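A.B. asks: Sequence below, structure please.
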Amino acid sequence: MTKYTGKGVYGAVAMGKISVFKKQDTAIKRIHTEDSEGEKKRVAKAKQAATEQLQSIYDKALREVGETNAQIFEIHMMMLEDDDYNESIENIIDSQKVNAEYAVAVTADNFAEMFASMDDPYMQARAADVKDISNRIIANLTGNVSDGSAGDDKMIVCADDLAPSETISLDKDKVLAFVTAHGSSNSHTAILARNMNIPAVIGVGSKFLSEIKDGDFAIVDGFTGEIFVDPDEQTTAELTAKQKADEEKKRLLQTLKGKENVTKDGKKINIYANIGSVDNIGAVLLNDAGGIGLFRSEFLYLENSDFPTEEQQFQAYKRVLESMAGKKVIIRTLDIGADKQVDYFGLKKEENPALGYRAIRICLTRPEIFKTQLRALFRASVYGNLGIMFPMITSVS
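C.D. replies: Next up, the predicted model:
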């Protein structure tokens, strides 16, 4: 038996065979070319493919880990359009007469180094993001795109480190646990693992990867951050008991469904759900939420090719309110703009869209859109307990 120790980021016990996650080979050769325009067109095509892939990953993340955690992939899509990043790639192609792959790789290294040298931990984390999107572009340029498959059996996925897109692309139903040699507990990957309810241990060290192989049996203790490869009988028995106790605790939590959330001294606590679509109602009811604290109505606009009608919105709001059977439902008026763009709104490109013309600012200057939504909400309100939230309001004035 060999024991390794890292930092546990999601407390649970998993046991099974190891699958070593092999990253795509991104060793890039510098190739001279006179066709600079052709190389720039290749980059544009690879970027378009990357955007489509990231949109698909974002949609999967939205379903599995919610809007807040999925936003990293919206940021990645925005980074693909960064002027400085793209100008660097084009300048390297033009000035050095080199292939697209090399230009993207050099730009990635330069930008990652720039971010990593900053004092702000948030900006330092952007180094991994710029590497992630650059590797995606290079994979599209070389045709070396991974499908995120982890085989047919459930496995303990072990890697040097996992990019957020790699983590979310793995089939959750086939992953018993994540173990990485590097990474931090504040990384996007660690946060995603926690929200996917998958046992995870990070920062185990490079020695771990050099000593394990596919098919090795291991036990991962996400509570303590320990990994036991080829465990002995006593360790296996102890951790099996620990796993069963944890599962029993989770089973007991399920028995609380349908009961009031009340403290011992009689104070009632409301535990509400956040949803981004009518389709999420099933999960809300299944998990016995006390109500809906935030219903993001913009899905109606994002899924439409034109402004949703009053009737279309009314039917969606009515369905949610009826399904919740009198429990509180707070619906947020549309939050379009910034990273949520819709062509038919005709919004102009802004230097800083996150702080620009979006959400309530659109509603207050385009009352025909706002009033349609408000009429639908008021009509639906007779079918349940409705509250309306307005985004981006910081004060009465």
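A.B. asks: give the contact list for the residue lying closest to Leu256 once chain neighbours are set aside.
C.D. replies: Nearest non-adjacent residue to Leu256, counting by CB to CB, 6 or more residues apart in numbering: Asp288, 8.0 Å away. All C-beta atoms are positioned from the backbone trio N, CA, C, and that covers glycine. Under the criterion of CB atoms under 8 Å, 6 or more residues apart in numbering, the neighbours of Asp288 are Leu256, Lys257, Gly258.
A.B. asks: Next, Asp288: secondary structure please.
C.D. replies: coil (DSSP: H, G, I helix; E, B strand; the rest coil).
A.B. asks: now Val284: how far from Leu386?
C.D. replies: Separation of Val284 from Leu386 (CB to CB, to the nearest Å) stands at 15 Å.
A.B. asks: which residue ranges form the helices in the stretch 51-200 of the chain?
C.D. replies: All helices of the stretch 51-200 of the chain, identified by DSSP state H, counting those that start in this stretch, fall at 83-96, 100-116, 121-142, 164-169, 188-195.
A.B. asks: could you dump these to TSV with distance to Ala241?
C.D. replies: Output for these, formatted as TSV (distance: least, CB to CB, whole Å):
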stretch	distance to Ala241
helix 83-96	52
helix 100-116	43
helix 121-142	38
helix 164-169	30
helix 188-195	24
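A.B. asks: Go through these and find the least confident stretch.
C.D. replies: For these, the weakest mean pLDDT is recorded on helix 188-195, namely a mean of 72.
A.B. asks: Show me what whatever helix or strand comes next after that helix is packed up against.
C.D. replies: Next helix or strand after helix 188-195 toward the C-terminus (DSSP states H and E): strand 200-202. Contacts defined by 3 or more CB pairs under 8 Å, 6 or more residues apart in numbering; DSSP states H and E place strand 200-202 against strand 7-10, strand 175-180, helix 188-195.
A.B. asks: Correct me if wrong, but Lys249 is in a helix.
C.D. replies: Yes - secondary structure of Lys249 (three-state DSSP): part of a helix.
A.B. asks: How many residues are close by it?
C.D. replies: Neighbourhood size, Lys249 [other CB atoms under 10 Å]: 9.
A.B. asks: shaky segments in the stretch 201-350 of the chain?
C.D. replies: For the stretch 201-350 of the chain, the stretches flagged by pLDDT under 70 are 337-348, 350.
A.B. asks: so where do the helices sit in it?
C.D. replies: Shown for the stretch 201-350 of the chain, the helices assigned by DSSP H, counting those that start in this stretch span residues 206-211, 233-254, 281-286, 299-302, 310-323.
A.B. asks: Please report phi then psi for the closest residue to Lys257 other than its chain neighbours.
C.D. replies: Nearest residue to Lys257, sequence neighbours excluded (CB to CB, 6+ apart): Asp288, at 4.1 Å. Phi and psi for Asp288, reported as degrees, to the nearest 10, are phi 60, psi 40.
A.B. asks: Okay, Asp288 and Arg319: tell me how far apart.
C.D. replies: 19 Å.
A.B. asks: got it, and Gly225?
C.D. replies: With distances taken as CB to CB, Gly225 is found 45 Å from Arg319.
A.B. asks: out of the two, which sits in the busier spot?
C.D. replies: Set side by side, Gly225 and Arg319 show more neighbours around Gly225, with 21 against 15, by other CB under 10 Å.
A.B. asks: ok, the residue nearest to the more buried one when sequence neighbours are not counted - contacts?
C.D. replies: Using CB to CB, 6+ apart and skipping the chain neighbours, the partner closest in space to Gly225 is Gly8 (3.9 Å). Applying CB under 8 Å, 6+ apart to Gly8 gives the contacts Pro199, Ala200, Val201, Asp221, Gly222, Phe223, Thr224, Gly225.
A.B. asks: Out of the residues you listed, which end up buried?
C.D. replies: Buried by 16 or more other CB atoms under 10 Å: Pro199, Ala200, Val201, Asp221, Gly222, Thr224, Gly225, out of those.
A.B. asks: Show me what stretch 291-298 is in contact with.
C.D. replies: Defining contact as CB under 8 Å, 6+ apart, one finds that stretch 291-298 is touched by 67, 270, 272-276, 284, 313, 317, 320, 324, 327-336, 340, 373, 385, 389.
A.B. asks: List only buried entries from the residues you listed.
C.D. replies: 272-276, 284, 313, 317, 320, 324, 327-336, 340, 373.
A.B. asks: Among those, which ones are in strands?
C.D. replies: Per DSSP state E, strands hold the following members of these: Ala273, Asn274, Ile275, Lys328, Val329, Ile330, Ile331, Arg332.
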